[in-house]
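Q: Quick check, what structure comes out for this input:
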Amino acid sequence: MKLQLLELEEMRFNAYESSKHCKQRIKAYHDKKILKKSFQPGQSMLLFNSRLKLFPGKLKSKWSGPFSIKSVKSYGTIELEDPASGRTWLVNGQRLKHYLGGEVERLTTITHLKEP
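A: Here you go, the predicted structure:
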């Protein structure tokens with residue numbers, strides 16, 4: 001009976017160690033994939049709208065902008081400024097990507113509805 005308990009304890013310990021090594025390998029793999037982004041004030045950025053659900057649709061872009069960086073705070077916090085309105089707000093740096101294009105035409109459409 002004691003021998004079976006010792007074998008069971010040894011199997012549990014081996015499974016724990018194997019799981020620990022597997023988690024370390026997976027973490028190392030994912031950490032290699034993280035890209036370091038550097039932000040400087042004055043750069044143009046696009047903002048990922050993950051929470052915007054006002055206009056659901058497959059063809060709607062989830063990136064908005066371009067916005068300019070006003071300042072870079074600690075721990076990856078970026079203060080963005082909208083050049084059109086001058087409004088500023090803080091966002092996580094993980095939600096930004098560099099904007100490499102020129103000027104963007106902001107398309108607005110007006111639809112007039114008639115009463116039936």
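
Q: Please verify my assumption that Ser64 contacts Ser50.
A: No - contact criterion Cβ atoms under 8 Å: Ser64 and Ser50 do not qualify, at 11.2 Å. The way it works is simple: take the backbone N, C-alpha and C, and place the C-beta from them, glycine included.

Q: who's more crowded, the two?
A: Ser64 (14 against 8; other Cβ atoms under 10 Å).

Q: just checking, the more buried one is part of a strand?
A: Yes - per DSSP: H, G, I helix; E, B strand; the rest coil, Ser64 lies within a strand segment.

Q: so where do the strands sit in this protein?
A: Secondary structure of the chain (DSSP state E): strands at 44-48, 63-72, 77-81, 88-92, 96-98.

Q: Any figure for the gap between Met11 and Arg25?
A: As for Met11, its distance to Arg25 is 21 Å (criterion: Cβ to Cβ, to the nearest Å).
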